[in-house]
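Q: could you work out the structure for the sequence below:
(one chain, ligands or ions: 1)
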Amino acid sequence: MTDPRAPTSGAPAGNRPAGGPPPVPDLSRHALFLDFDGTLVDIAPRPDDIRIPEILPGLLTALDAAAGGAIALVSGRRLADLRGFLPEFRGVIVGSHGSETWPEDAAPAPGLRQPDAGPVRAALRALAATRAAYLFEEKPAGAVIHFRADPALDAEARAAAEAVVAAHPGFALQRAKMAYEIHPAGVSKDRAVARLMDRAPFRGRVPVFAGDDTTDEPALGWVRAREGISVHVGDRPDTAAAWRLDSPAALRDWLARAVSVEERG
Ligand SMILES: [Mg+2]
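A: Coordinates of the predicted model:
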């Protein structure tokens, strides 16, 4: 059994699969970067159907206070959705994989081009209209085609999304869980984390990143390369993370130990 308070240097080396429970963050010196869906909350069949666990708002507020504000949610979701789910949260929120940040000046990305997403949205909306199992989602800088209702549509959705990206320079394809997202090229969670780490109150702290999805892997690798705490939530065998936790509930429990908050029910 791995000692959950083992030093960071005890991380598995190289590309070996992620080990067990990570060391509990020391919020006097760590900065927290947390994905949302599948990490802090369980994934729901439709993105709007997620349930916010009772403990979560208070837990995030306690973590924010203990870390001196060095906490950020880093999600592929729209910023407005995240703020709606967690209206009390006062840390930084990065939405749409880094296309949007709240507060607006928390992580400026000078020079990041935001090409017109209209044609990309129109193409994915047209694809979604071809089958009832597809779900179209508009993003502030792009769009998503979901196929969770019929996983067999993966190859068809990928081929169609690849064709859309090929036809629209300046955009990139991002695979997510049961979905393909098209967003501006150059937007990614690791770049968003790197920008935040350059600024107070994050600067000088050791980064912690927790995420469940392929979209989190670049940030997990970035944090691991800096000897931070990289945590994969779930059972992906090829994660860049050094540690793993089984579920959002296990992640919340782990975070609660950093601030001595207990989950009920
Ligand atoms: Mg996620």
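
Q: now the strands for the stretch 151-265 of the chain?
A: Counting by DSSP state E, counting those that start in this stretch, the segments of the stretch 151-265 of the chain that form strands are 171-176, 179-184, 206-211, 229-233, 243-245.

Q: how distant is the lengthiest helix in the chain from the center of its chain?
A: As assigned by DSSP state H, the longest helix anywhere in the chain is helix 154-167. Offset of helix 154-167 from its chain centre (C-alpha atoms, centre = their mean, to the nearest Å): 23 Å.

Q: which parts of that helix are buried?
A: Residues 156-157, 160-161, 164-165 are the ones in helix 154-167 that count as buried (16 or more other C-beta atoms under 10 Å). In short, each C-beta sits where N, CA and C put it, glycine included.

Q: re the thing from before, looking at the strands of the stretch 151-265 of the chain, which is closest to the ion?
A: Across the strands of the stretch 151-265 of the chain, the ion has its closest neighbour in strand 206-211 (5.7 Å, C-beta to the ion).

Q: what is that closest one packed up against?
A: Judged by 3 or more C-beta pairs under 8 Å, 6 or more residues apart in numbering; DSSP states H and E, the packing partners of strand 206-211 are strand 30-34, helix 189-197, helix 217-225, strand 229-233.

Q: and the first one, anywhere near the ion?
A: No - counting by C-beta under 5 Å from the ion, the ion is not contacted by strand 30-34; separation bottoms out at 9.7 Å.

Q: identify the residues contacting that strand?
A: 25, 40, 63, 67, 70-74, 193, 196-197, 201-202, 205-211, 219, 223, 228-229, 255 (C-beta atoms under 8 Å, 6 or more residues apart in numbering).

Q: next secondary structure element downstream of it?
A: helix 56-66 (DSSP states H and E).

Q: show me which residues of the chain sit near the ion.
A: 35, 37-38, 212-213.

Q: could you dump stretch 161-176 to CSV, C-alpha only?
A: Output of stretch 161-176 as CSV, limited to C-alpha atoms (Å, rounded to 0.1, in the frame of the first residue of the first chain):
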residue,chain,number,x,y,z
ALA,A,161,-14.9,16.1,-37.6
GLU,A,162,-11.5,15.6,-39.2
ALA,A,163,-13.0,16.7,-42.5
VAL,A,164,-14.3,19.9,-40.9
VAL,A,165,-10.9,20.7,-39.3
ALA,A,166,-9.2,20.0,-42.7
ALA,A,167,-11.5,22.5,-44.3
HIS,A,168,-11.1,25.2,-41.7
PRO,A,169,-7.5,26.3,-41.0
GLY,A,170,-6.9,27.7,-37.5
PHE,A,171,-8.9,25.0,-35.8
ALA,A,172,-7.8,21.8,-34.1
LEU,A,173,-9.6,18.6,-33.3
GLN,A,174,-9.8,17.5,-29.7
ARG,A,175,-11.0,14.0,-28.7
ALA,A,176,-12.9,13.9,-25.5
